[in-house]
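Undergrad: What follows is a predicted structure for the sequence shown.
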Amino acid sequence: MNTATILLSAFVLSFVALVVFIWSQRTGLFDRKSRGAEIIFATGEIGRTEEPAATASARSALQGAAEAADAAPARHADPEELAERARSDASSGPLVFFFYCCAMVWLLVASSAGLTASIKLHEPDWLTAQPWLTFGVIRTLHLNAVAYGWAPMAGLGTALFVIPRLLKTPLIGMRFAFVGAILWNAALIAGLGSIAAGVNDGLEWLEIPWQIDILFAIGGALIGLPLVMTLVNRRVGHLYVSVWYMGAALFWLPVLFIVAKIPGLHQGVQQAAMNWWFGHNVLGLFYTPLALASVYYFLPKIIGRPIQSYNLSLLGFWGLAFFYGQVGGHHLIGGPLPEWMITLSIVQSMMMIIPVAAFTVNMFQTLQGQLPALRYSPTLRFIGIGGLMYTASSFQGSLEALRSVNVVTHFTHYTVAHAHLGLYGFVSFVFFGAMYFVMPRITAREWPYPWMISAHFWLVSGGFSLYFISLTTGGWLQGQAMLDATRPFMDSVALTLPYLQGRSIGGAFMGLGHLVFAAHFLALVLNLGPRRDQPALFPHLLRRKIAS
């Protein structure tokens, strides 16, 4: 079979599968009357906003903005269903709290390591006395603290909160997940220690030795077990799209991780192909589904309006599942891989425009007329920016896969900027917003200092903007300089120095924002600072009913 036949078959198969899926939907893609989109609301709750991170006055303004946009007053939700939701929150609360505490610790560890690595790029003689502080080690520590610490702890913690709500069933088997989380964090501590000592497997994203990775596998299985048990015992007949995304992420991750870490299975060029297959897919098939699931749940809950097109959300899910699996190969353009494999990766990358466009159109239509809500909802600001960054990073990634663009950006800081646009601008922003929503629900306390939420948002938004623009601009100029045969290689290095300094300044603002977030998180946990009105939207009568 020749290359053209393989590529044409892959394209036709994917396209026909999507056509069949669209045809199978009984309602049009833009029909907002789908009952599936309303399952996240209690009876009579549509039109009622929910934002536990806002002040009382901001919640009132948010509700007013929602009613003005929909021209219909909100009704009162069914107390029985709200009581059931409160019981679901209580069943997962201690576990989610533990995950979020771990996520906060790893966020600070990753931030300090990342800022240190960034400064070393333009100040190479800084902190050179210890081997583990060299750039190659400290940068690897940063990557693994994010990839296996901050992002999965925040994402899985959010999933453990959302899924019982969506399934209207208290979380079952919480102790398994507690043990799994302990094993996971123990593995990460051991893995980071191993990397710092100079012992690693030598593959990006897969540096932690496979002997330690056995703990990750066991811990991950125990974390996923309660979610599977709760799913089996659900009290709903329909699975909301967020459950699809979260369930798929919990299935895809072990497949990716186990296949990538089997000792001796991959050698030579095949190992390089596997490395980028894992490195790209862990972002697109684990972090991305968890973040998209959070957007599809929290965004409509905050504004009190179902997503505009439920079927379009399913199109986005299946588009991600069909097209993302082979996109990592475009990082190996010019390498000793079969040309058809690289071209297939480029085709798959361009086809990713379909699910990204489906998500973007759906979110735009859902938020149409609701933009004033961004002024009153801290959660929505983070999640809204995160969703926008998903669109930006995905379209940029599709273009970056093209050979004409890749020839400039390959091996430059441009690729680093793109990676952070996805994992930080999209995934981390969404998880920030989710944590602002969830923490008051599981602690029964308000965030004590609203100004700290604003400070966190503007510090990380401004810092990341400077970070991204600096690296994108410097990386593009770096690529052009390397392609110029008349210029020495050191020219391409020297011209990046101002942009690397801009990156460090932006990273410092981001790190400061993380410190503000952590300090506010600690104040909430320890019940420090002013005590404002209780965050739960349930009235006093309902709280007494739950207690009884």
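TA: Nice, thanks for sending it over.

Undergrad: isn't Ala518 right next to Trp106, touching?
TA: No. Contact status for Ala518 versus Trp106: not in contact, 11.0 Å apart, counting by C-beta atoms under 8 Å. Just so you know, the C-beta spots here come from the backbone N, C-alpha and C atoms, and that holds for glycine as well.

Undergrad: of those two, who's got more company?
TA: For Ala518 and Trp106, the more surrounded residue by other C-beta atoms under 10 Å is Trp106, and the numbers stand at 24 against 16.

Undergrad: Leaving out sequence neighbours, find the closest residue to Gln368.
TA: Nearest residue to Gln368, sequence neighbours excluded (C-beta to C-beta, 6 or more residues apart in numbering): Gln308, at 7.7 Å.

Undergrad: With Gly157 instead?
TA: Distance criterion C-beta to C-beta, 6+ apart; nearest residue to Gly157, sequence neighbours excluded, is Phe99 at 3.0 Å.

Undergrad: And for the residue nearest to Ala151 when sequence neighbours are not counted, the neighbour number?
TA: If the residues on either side of it in the chain are set aside, Ala151 comes closest to Tyr287, at 5.4 Å by C-beta to C-beta, 6+ apart. Here the count is done by other C-beta under 10 Å, and Tyr287 has 25 residues near it.

Undergrad: Which residue is most remote from the mean position of the protein?
TA: No residue in the chain sits farther from the centre than Thr486, which is 42.5 Å out by C-alpha atoms, centre = their mean.

Undergrad: what's the spacing between Val427 and Asn362?
TA: Between Val427 and Asn362 the computed distance is 19 Å (C-beta to C-beta, to the nearest Å).

Undergrad: same thing with Glu446?
TA: Between Glu446 and Asn362 the distance, using C-beta to C-beta, works out to 32 Å.

Undergrad: tell me which element Phe176 falls in.
TA: Of the helices and strands defined by DSSP states H and E, Phe176 is found in helix 174-196.

Undergrad: just checking, what packs against whatever helix or strand Asn362 lives in?
TA: Secondary structure assignment for Asn362, by DSSP H and E: helix 353-367. Counting contacts by 3 or more C-beta pairs under 8 Å, 6 or more residues apart in numbering; DSSP states H and E, the secondary-structure elements packed against helix 353-367 are helix 288-303, helix 310-323, helix 378-400.

Undergrad: Which of those helices comes out lowest on mean pLDDT?
TA: Between those, the one with the least mean pLDDT is helix 310-323; it has a mean of 88.

Undergrad: Any chance you could give me the following helix or strand past it in CSV, C-alpha atoms only?
TA: Read in the C-terminal direction, the helix or strand following helix 310-323 is helix 339-351, with elements assigned using DSSP H and E. Output in CSV follows, covering the C-alpha atoms of helix 339-351 (Å, rounded to 0.1, in the frame of the first residue of the first chain):
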residue,chain,number,x,y,z
GLU,A,339,7.5,10.2,5.4
TRP,A,340,3.9,8.8,5.4
MET,A,341,3.9,8.9,9.2
ILE,A,342,4.9,12.5,9.4
THR,A,343,2.4,13.5,6.7
LEU,A,344,-0.4,11.5,8.5
SER,A,345,0.5,13.5,11.7
ILE,A,346,0.2,16.8,9.8
VAL,A,347,-3.2,15.7,8.3
GLN,A,348,-4.5,14.8,11.8
SER,A,349,-3.2,18.1,13.2
MET,A,350,-5.2,20.1,10.6
MET,A,351,-8.3,17.9,11.1
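
Undergrad: what about the chain, any weak spots by pLDDT?
TA: 1-34, 71-75, 531-548 (pLDDT under 70).

Undergrad: Tell me which residue is most central in it.
TA: The centroid of the chain falls nearest to Val427 when counting by C-alpha atoms, centre = their mean (2.6 Å).

Undergrad: Report the separation between it and Gly479.
TA: As for Val427, its distance to Gly479 is 26 Å (criterion: C-beta to C-beta).

Undergrad: what does Phe429 give?
TA: From Phe429 to Gly479 the distance is 27 Å (C-beta to C-beta).

Undergrad: More neighbours: the two, which one.
TA: Relative neighbour count places Phe429 above the other of Phe429 and Gly479, with 25 against 22, counting by other C-beta under 10 Å.

Undergrad: How many neighbouring residues does the nearest residue to that one once chain neighbours are set aside have?
TA: When the adjacent residues along the chain are set aside, Phe429 lies closest to Gly386, with 3.5 Å between them (C-beta to C-beta, 6+ apart). Gly386 is flanked by 25 other residues according to other C-beta under 10 Å.

Undergrad: got the contact list for Gly386?
TA: Gly386 sits next to 291, 295, 425-430, 432-433 when contact means C-beta atoms under 8 Å, 6 or more residues apart in numbering.
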